[in-house]
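Peer 1: fold the following, please.
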Amino acid sequence: MRARKLISTLSVTGLAMLGGVAAAPAAHAGSYGCAGNLVWSGMVTDVNGGTAGWDYGYWDGTTNCAVFVKSEYAGTRTLTEISITTSAGVHGGYDGQPYTTYAGPVTVNGVGVCVREQVTEFDPNNHQIVNWNSGLHSGPGC
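Peer 2: Below is the predicted model:
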């Protein structure tokens, strides 16, 4: 997983050097280790209402997968966490470590249910700056 994050970081760095920086990193099918198609994205806000990053959700027909891509403190190693849960209360994956670029992927079986992600992020002084919940999405009746 670390090799993929390094490649992703190097790709973003290369784009920045070419002047191809966008407001949010591009996400596409299979991005950041998730299988399937991008079916949901949400701007993750920090405690002051600023943009901390983006939550991307993917679906492959049976599994929901999510990643949180940092924009606040991107490039700086800070504790960054993401977890995914279904509307039926099933807790899926959790990923949390001091990351520079993104946390995840995390997965859960999502057939017939909605899912939500919980994202937390801390600044370099270990103060929590993000405590964000996506709300239910990507399922029947969400």
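Peer 1: could you use CA atoms for every contact and neighbour count after this?
Peer 2: Noted.
Peer 1: and the helices in the chain?
Peer 2: Here the chain has its helices, by DSSP state H, at 2-17.
Peer 1: what residue ranges in it score low on pLDDT?
Peer 2: Low-confidence segments of the chain (pLDDT under 70): 1-30.
Peer 1: quick check, central residue of this structure?
Peer 2: In the chain, the centroid-proximal residue (Cα atoms, centre = their mean) is F68; its distance is 1.5 Å.
Peer 1: can you tell me how far the residue lying closest to it once chain neighbours are set aside is from N125?
Peer 2: Leaving aside its sequence neighbours, F68 sits nearest to D55 (Cα to Cα, 6 or more residues apart in numbering; 4.5 Å). For D55, the distance to N125 equals 23 Å [Cα to Cα, to the nearest Å].
Peer 1: swap in T63?
Peer 2: Distance of T63 to N125, given as Cα to Cα: 36 Å.
Peer 1: the more surrounded of the two?
Peer 2: Shown here are T63 and N125; by other Cα atoms under 10 Å, T63 has more neighbours (15 against 7).
Peer 1: so the more buried one makes contact with T107?
Peer 2: Yes. Using Cα atoms under 8 Å, T63 is in contact with T107, at 6.5 Å.
Peer 1: ok, which stretches of the protein are strands?
Peer 2: Along the chain, the segments classed as strands by DSSP state E run 37-45, 51-59, 63-70, 78-86, 91-99, 102-109, 115-122, 128-133.
Peer 1: any idea which of the ones you listed gets closest to G139?
Peer 2: Nearest to G139, of all the strands of the chain, is strand 115-122, at 7.1 Å by Cα to Cα.
Peer 1: burial of Y32, as a residue count?
Peer 2: The local packing of Y32 (other Cα under 10 Å) involves 22 other residues.
Peer 1: give me the distance between it and S71.
Peer 2: Taking Cα to Cα, one finds Y32 at 15 Å from S71.
Peer 1: for the residue nearest to the centre of the chain, which residues make a bridge with it?
Peer 2: According to DSSP bridges, the partner residues bridging F68 are D55, A103.
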